[in-house]
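# have a look at this fold, sequence not included:
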């Protein structure tokens, strides 16, 4: 599978694909000026996924804006066509909004979600 690495900034998340673990990780804040332009390389990267290769998507976002939300949905919808994709949605125990956002995606797409509560004091 093709590698993918995008460094984090103050407004954009780190996005990293680990080929050994077949794991795509999104972490940090996602409030880019233009979410479509920022997420385009990630969406393009999905074209190189092999349908039968297992992929775990780890989402560890602290916050994301509305335009990022649409891009995340586009990413999850593209991943629906792969047979062995799962999403691990991390959220702070005191952040109900982030949990609800993950639950909303879980209801919209047919990719299995696992919700992982993180203690924000750690």
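Structure received. Please read these numbers as outputs of a predicted model, since none were measured by experiment. Numbers count the residues shown, from 1 in each chain.

# state which strand of this structure is the longest.
If you go by DSSP state E, the chain has its longest strand at strand 55-64.

# wasn't residue 114 part of a strand?
Yes: using DSSP: H, G, I helix; E, B strand; the rest coil, the assignment for residue 114 is a strand.

# distance of it relative to residue 31?
From residue 114 across to residue 31, the span is 25 Å (Cβ to Cβ, to the nearest Å). No exception for glycine: its C-beta is placed from N, CA and C like everyone else's.

# for the residue most central in space within the chain, give me its contacts.
For the chain, the residue nearest the mean C-alpha position is residue 59 (4.5 Å; Cα atoms, centre = their mean). By Cβ atoms under 8 Å, 6 or more residues apart in numbering, residue 59 lies in contact with 26, 72, 87-90, 102.

# narrow the residues you listed to those in helices?
72, 102 (DSSP state H).

# now, the contacts of residue 59 that are in strands?
Short answer: these in strands (DSSP E) are 26, 87-90.

# what about the helices in this structure?
Counting by DSSP H, the helices of the chain are 35-45, 66-79, 96-108.

# show me where the chain dips below the pLDDT cut-off.
Low-confidence segments of the chain, defined by pLDDT under 70: 1, 122.

# settle this for me: residue 81 is touching residue 51, isn't it.
Yes: at 6.9 Å, residue 81 counts as touching residue 51 under the criterion of Cβ atoms under 8 Å.

# since that was my last question, I'll sign off now.
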